[in-house]
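K.L.:
Next one to model:
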Amino acid sequence: MELSATAYVILGMVRGEPRSGYEIKALVDGTTRFFWAASYGQIYPELKRLSEAGLIEGVDSPTGGRKRTVYTITADGEEELKAWLRQPPVTFEMREEGLLKLFFANALPPDEAVEILRAMRAHRLAANRELRAMEPTAEEKDDPYPLLVLRGGLEFTEWFAEWCERMEAQLLKETAPERRSS
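P.N.:
Residues are numbered from 1 along each chain as shown. Alright, predicted model coming up:
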């Protein structure tokens with residue numbers, strides 16, 4: 001059985017402690033979503049597949065009259081996760097709508113195109129503030145790896161914001177004659 005990236009997200013999230021689908025989604029939203037998101041529409045079907053494959057086990061654990069299943073990783077699931085972790089990464093995917101818009105920005109006047117870079121910079125600076133707010137909590141944990149990833153995210157968002165600023169200056173310099181003649 002070939003597993004999806006979402007399946008490995010789930011295995012990793014339930015490895016530390018038993019979690020419901022809702023708790024997995026909340027944890028993803030507070031951690032990996034900055035570089036690897038997962039929706040409820042991906043999580044719940046994968047929970048079923050992983051359970052059927054014997055890689056996780058679900059236990060009914062209702063709360064307040066609501067149906068709730070909490071999942072734990074099995075020994076086979078632990079081995080599958082470790083085998084995946086030992087393989088080199090094969091996926092490189094960066095989805096950045098701002099870059100996509102910038103790619104087609106020649107459809108806009110230069111003054112409007114530069115706003116794409118400004119918006120991208122503002123977005124990255126906001127993301128950096130959000131990540132920075134997570135740093136104290138990540139530093140308190142015994143597991144050093146999420147902190148390493150968080151620091152990578154901080155450095156990337158800082159670099160990306162600076163890149164946007166440099167590209168804005170370049171674009172303004174290159175389009176200065178056009179702006180004066182219009």
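
K.L.:
Check which residues of stretch 10-22 are buried.
P.N.:
Residues I10, L11, G12, M13, V14, P18, R19, S20, G21 are the ones in stretch 10-22 that count as buried (16 or more other CB atoms under 10 Å). For the C-beta atoms, the positions are set from N, CA and C on the backbone; glycine is no exception.

K.L.:
Ignoring the adjacent residues along the chain, who's closest to the third one?
P.N.:
Setting aside the residues directly before and after it, G12 is nearest to L81 in space (CB to CB, 6 or more residues apart in numbering), at 6.3 Å.

K.L.:
contacting residues for that neighbour?
P.N.:
Neighbour list for L81: Y8, L11, G12, R15, I73 [criterion: CB atoms under 8 Å, 6 or more residues apart in numbering].

K.L.:
cool, and R118?
P.N.:
R118 makes contact with C164, E168, according to CB under 8 Å, 6+ apart.

K.L.:
Can you tell me the element it falls in?
P.N.:
Per DSSP states H and E: R118 is located in helix 110-140.

K.L.:
tell me which residues of whichever helix or strand comes after that helix are tucked away?
P.N.:
Remark: after helix 110-140, the chain's next helix or strand is helix 144-181, criterion DSSP H and E. Residues of helix 144-181 classed as buried by neighbour count (16+ other CB under 10 Å): 147, 150, 153-154, 156-157, 160-161, 164, 167-168, 171, 175.

K.L.:
Report all helices and strands that helix 144-181 contacts.
P.N.:
Secondary-structure packing of helix 144-181 (3 or more CB pairs under 8 Å, 6 or more residues apart in numbering; DSSP states H and E): helix 110-140.
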